[in-house]
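Q: Structure here, sequence nowhere to be found:
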């Protein structure tokens, strides 16, 4: 839901899928932006607001956005009664950090920069509300311009199942030919019948059964109280079901210094700079190397 300015000179709640370019909307604190907006005013007198863009660039620090001085005084509903502006801007593109445009209001031309743009997917923080004009919707928004079709990841079990199916299928053809030869039947006439006869060797319903099992495991994960995080009162959420069986096979998680941490904290353990190891903690990799050397000796 989103609040859109209507002909009654008030903001009324409507579905965000009904938004169109040029609509004037109001977004409240802790709400996400569903379109790319041009910031007009906010609950602050100077027209600033704070947004979080972790869904866009992975950064959790708050960013400050500023409206133009000419529109920052539009703080109440009645001030938008005769509000008319013309916005000329760049075509939709995927660049999150630049924006070029011009706002024509009250016989003045005002340049627009990225500081006046609230991107779809970002969240409003520490600001009671903001008013803005929709400039991009749907697939024209910057976050959608950056989106790509997700790659389907296959688990090790699925890859192993494929190899087994190939072996079973080869076995099926071999048995069919052997049966034809021993019974003295011409291959060209009866090979199709032999394949149908021995076709039950191939488990056709195997993949369907596996998918059903994955869905059930996802439900169990969501309801598992041992995975419930009490501090934030958040349960485990299985967002995808095609990699559930890979969970117990993960024993090491590696990330770079610029990686996003869950608690936004990192404890130094050990590092190697130009071949020199720093840190006194013996990590598991070193123990494995020592064990391997002892076994070779």
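A: Perfect, thanks for sending it. Just so we're clear, the structure is a prediction, and the values are computed from it rather than from any experiment.

Q: ok but residue 110 is inside a helix, no?
A: No: read with DSSP: H, G, I helix; E, B strand; the rest coil, residue 110 is strand and lies in no helix.

Q: Tell me if I'm right that it and residue 68 touch.
A: Yes: with contact defined as CB atoms under 8 Å, residue 110 and residue 68 form a contacting pair (5.2 Å). Any C-beta I mention is one placed from the backbone N, CA and C, and that applies to glycine too.

Q: Between the two, which contacts overlap?
A: Shared contacts of residue 110 and residue 68 (CB atoms under 8 Å, 6 or more residues apart in numbering): residue 103.

Q: Who has more neighbours out of the two?
A: residue 68 (20 against 17; other CB atoms under 10 Å).

Q: That one: which element?
A: Taking DSSP states H and E as the definition, one finds residue 68 inside no helix or strand.

Q: Next, the contact list for it, please.
A: Contacts of residue 68 by CB under 8 Å, 6+ apart are 40, 47, 103, 110, 112, 116.

Q: again, only this time at 6 Å
A: Counting by CB atoms under 6 Å, 6 or more residues apart in numbering, residue 68 touches residue 110.

Q: Need the three-state assignment for residue 83.
A: Residue 83 - assigned by three-state DSSP - is coil.

Q: Got the phi and psi for the nearest residue to residue 38 once chain neighbours are set aside?
A: Distances taken as CB to CB, 6 or more residues apart in numbering put residue 133 closest to residue 38, at 4.6 Å, once the chain neighbours are dropped. Backbone torsions for residue 133, taken as degrees, to the nearest 10, come to phi -110, psi 130.

Q: Measure how buried residue 133 is and give me the count.
A: 21.

Q: can you give me the strands for the stretch 151-297 of the chain?
A: For the stretch 151-297 of the chain, strands defined by DSSP state E, counting those that start in this stretch occupy the ranges 271-273, 276-278.

Q: Mind listing the strands the first one pairs with, and their directions?
A: Sheet partners assigned to strand 271-273 using DSSP bridges are listed as strand 276-278 (antiparallel).

Q: just how off-centre is the strand it pairs with within its chain?
A: 37 Å (CA atoms, centre = their mean, to the nearest Å).

Q: Output the strands of the stretch 151-297 of the chain as TSV; include the columns distance to residue 76.
A: What follows is these, written out as TSV (distance: least, CB to CB, whole Å):
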stretch	distance to residue 76
strand 271-273	56
strand 276-278	59
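
Q: Tell me which of these sits nearest to residue 92.
A: Evaluated with CB to CB, the strands of the stretch 151-297 of the chain place strand 271-273 nearest to residue 92, the distance being 42.7 Å.

Q: Got phi/psi on residue 224?
A: For residue 224, the backbone dihedrals (degrees, to the nearest 10) come out as phi -80, psi 110.

Q: and if you look at residue 152?
A: Torsion angles, degrees, to the nearest 10, at residue 152: phi -80, psi 120.

Q: Let me see the contact set for it.
A: With CB under 6 Å, 6+ apart, residue 152 has no contacts at all.

Q: Look at it and report its pLDDT.
A: The model reports residue 152 with a pLDDT of 72.
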